[in-house]
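> 3D model of this:
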Amino acid sequence: MAKDDIFTPNFQQKSKTLKLLFEKGVTDEKSLLSLSTMQILQIATNYQEAFIISELQVNSKANKLYSYLGGNTNEQQSEVS
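Sure thing, here's the model as predicted:
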């Protein structure tokens with residue numbers, strides 16, 4: 001099953017999650033990348049928000065955050081460890 005089959009967030013959902021992160025004090029890439037799984041689960045109110053936060057981390061680390069927010073779903077993105 002492809003990742004896109006599970007959940008594909010739209011811009012409104014991404015924006016809502018970004019607002020939530022800012023409200024919780026996550027205001028830059030460094031603080032975003034430093035979030036642990038437990039912290040993400042404490043911040044997120046549902047699975048979709050946790051998924052978006054995880055995707056924000058992956059795309060921020062890969063320097064593709066702007067593309068992700070714009071909806072670019074490049075299937076050839078390299079895996080980030």
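
> After the lowest-mean-pLDDT helix or strand in the chain, which helix or strand is next?
For the chain, the helix or strand with the lowest mean confidence is helix 3-6, at a mean of 57 (criterion: mean pLDDT, DSSP states H and E). Sequence order places helix 11-23 as the next helix or strand after helix 3-6, per DSSP states H and E.

> Show me what that following helix is packed up against.
Contacts defined by 3 or more CB pairs under 8 Å, 6 or more residues apart in numbering; DSSP states H and E place helix 11-23 against helix 47-61, helix 65-69. Yep, even glycine has a C-beta here, placed from its N, CA and C like the rest.

> Touching it from outside, list them.
Outside helix 11-23, the residues that touch it by CB atoms under 8 Å, 6 or more residues apart in numbering are 9, 27, 32, 43-45, 48-49, 52-53, 56, 68-71.

> TSV please, covering the helices and strands packed on helix 11-23 and showing mean neighbour count, distance to residue 15 and mean pLDDT.
Listed next are those as TSV, based on neighbours: other CB atoms under 10 Å; distance: least, CB to CB, whole Å; pLDDT from 0 to 100:
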stretch	mean neighbour count	distance to residue 15	mean pLDDT
helix 47-61	18	10	95
helix 65-69	15	8	86
